[in-house]
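Peer 1: Sequence plus the predicted model coming up.
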Amino acid sequence: MTSLAKKKKSIENSIEPEYVGCDIDELIKEKRVQIDKLKELLGKDLPEPTPSVFPYYDDLFFLRYILSFETPEDSVDPIKASVEYRHHSPKYADMLKKVENQTWEDEPIVSTSLKYQVAGLSDAKIDHGPLVIIRPGKSNSSLQFNALTFEEMKLLHFAYREIAFRECDKYTRSSRKIVKQLLIMDLTDVSISEMSDRRGEKVFVPVAKASANYYPQMQHKFIMVNAPGWISAIFGLLKSFMPARNFNKMGLCKSKVKTSDGDISKCPFA
C-alpha cells in the first residue's frame, strides 16, 4: 500500500471534529496560520476566489477543511478532490449547475425517485440548518434501485448534499456560527429486507467517502428514531463497510416517539 493510500485510509478511519454552533470569526482568527499555510500549499491548484462562484474559495472555505482534517497538509488532497469534482467532472457539472439555478428538481431522475422515496427537506427551528426527514417504511427502495442505475443514484445523492451544503453555507455566513445538516430517519413500519438491501452499499459508501472531501463540516448527525429490535444487526452491517468518519455521525434514539402527532421531544436531537 502506498503512503498516499495509507494516508487516505487513515483519514477515513479518523473522527471528524465537531464544531456545530461555533463562532466562525473566532475560529478563523484561531486558525489563521493554518489557513494561510493551506493556501500556500495549494498555490495555483486552486481557482481564483470569485464572490459569485460557489464555494467562493475564501477563509470560510479553507476553515472547513482545517476543522475537518486538522492540518494544512492533510487538507490539500481533499481540496484537490473537491476542485476536480466541481470544475473538471463533466458527469457532475450539469447537476451542480442545475442545483445552483434551482432547476434540479425538474430532472426526470428526481421525479422517478420521488415515486419510491418518502423524504423531505425542512428548516431547523434553531439555526435554520437543513433538516431531512426520511421514512423508509413508507418508501420502496427496491423499486427505486430497479428504476435507476447506480450512477443515477449517486448523482441524486450528490445533489442532495450539494443542496444541503449551500444551505449550511448560507446560514453559516448570515449567523456567523457553523450551521450543519441533521438527518432523522423514522423507522416506523420499516422491514429488515428494506434496510439490508446490499445494493445500497454500492451507492452510499462511495458517496459517503467522496462527500467527506467535497462537503467538510456539513453533516451533524444521522439519527434513527422508532427503531425496531433488529436494528442493532443493521448497525453492525453498516459498521463493517462504512468509513469510521461517516459511521461516527450515526445515532439511535431508542425511545419511541409519537410521529402521529409530531411529538419527537424525547429525542435529544429534535
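Peer 2: Yep, it's here.
Peer 1: Which other helices and strands does the helix or strand that contains residue 77 contact?
Peer 2: Element membership for residue 77, per DSSP states H and E: helix 72-87. Judged by 3 or more Cβ pairs under 8 Å, 6 or more residues apart in numbering; DSSP states H and E, helix 72-87 is in contact with helix 3-12, helix 32-42, helix 59-69, helix 90-100, helix 199-214. Every C-beta, even on glycine, is put in place using the N, C-alpha and C of the backbone.
Peer 1: okay if I get those as a markdown table plus mean neighbour count?
Peer 2: Listed next are the helices and strands packed on helix 72-87 as a markdown table, based on neighbours: other Cβ atoms under 10 Å:
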| stretch | mean neighbour count |
| --- | --- |
| helix 3-12 | 12 |
| helix 32-42 | 16 |
| helix 59-69 | 23 |
| helix 90-100 | 14 |
| helix 199-214 | 18 |
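Peer 1: would TSV of those helices with mean pLDDT and distance to residue 80 be doable?
Peer 2: Listed next are the helices and strands packed on helix 72-87 as TSV, based on pLDDT from 0 to 100; distance: least, Cβ to Cβ, whole Å:
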stretch	mean pLDDT	distance to residue 80
helix 3-12	54	12
helix 32-42	96	8
helix 59-69	95	11
helix 90-100	94	15
helix 199-214	87	9
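Peer 1: quick one, longest helix in the protein?
Peer 2: Among the segments of the chain that qualify as a helix by DSSP state H, the longest is helix 150-175.
Peer 1: average pLDDT for that one?
Peer 2: Mean pLDDT, computed over helix 150-175, is 94.
Peer 1: Just the CA atoms of the helix or strand just after that helix, as PDB, please.
Peer 2: The helix or strand immediately downstream of helix 150-175 is strand 181-186, counting by DSSP H and E. The C-alpha trace of strand 181-186 is given here as PDB (Å, rounded to 0.1, in the frame of the first residue of the first chain):
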ATOM      1  CA  GLN A 181     -27.400  19.400   8.400                       C
ATOM      2  CA  LEU A 182     -29.300  16.900  10.600                       C
ATOM      3  CA  LEU A 183     -30.900  13.800   9.200                       C
ATOM      4  CA  ILE A 184     -33.700  11.900  11.000                       C
ATOM      5  CA  MET A 185     -34.700   8.500   9.700                       C
ATOM      6  CA  ASP A 186     -38.100   7.400  11.000                       C
END
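Peer 1: hang on, the earlier thing: okay, the helices and strands packed on helix 72-87 in TSV with distance to residue 249 next?
Peer 2: Shown next, in TSV, are these (distance: least, Cβ to Cβ, whole Å):
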stretch	distance to residue 249
helix 3-12	13
helix 32-42	23
helix 59-69	12
helix 90-100	23
helix 199-214	10
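Peer 1: And those helices: which comes nearest residue 111?
Peer 2: For these, proximity to residue 111 was assessed by Cβ to Cβ; helix 90-100 is nearest, at 13.6 Å.
Peer 1: Residues touching that closest one, excluding its own?
Peer 2: 54, 85-86, 104, 106-107, 151, 155, 158-159, 162-163, 166 (Cβ atoms under 8 Å, 6 or more residues apart in numbering).
Peer 1: If you rank the residues you listed by neighbours, which is first?
Peer 2: residue 162 (24 neighbours; other Cβ atoms under 10 Å).
Peer 1: sorry, back to before: please list the outside residues in contact with the helix holding residue 77.
Peer 2: With contact meaning Cβ under 8 Å, 6+ apart, helix 72-87 is reached by 4, 7-8, 11, 34-35, 37-38, 41-42, 45-47, 55, 62, 65-66, 68-69, 92, 96, 210, 212-214, 216.
Peer 1: Return the set of buried residues in it.
Peer 2: Residues of helix 72-87 classed as buried: 72, 74, 75, 76, 78, 79, 82, 83, 85, 86 (neighbour count, 16 or more other Cβ atoms under 10 Å).
Peer 1: What separation is there between the first one and residue 65?
Peer 2: Using Cβ to Cβ, to the nearest Å, one obtains 9 Å as the distance from residue 72 to residue 65.
Peer 1: What of the last one?
Peer 2: Counting by Cβ to Cβ, the gap between residue 86 and residue 65 amounts to 14 Å.
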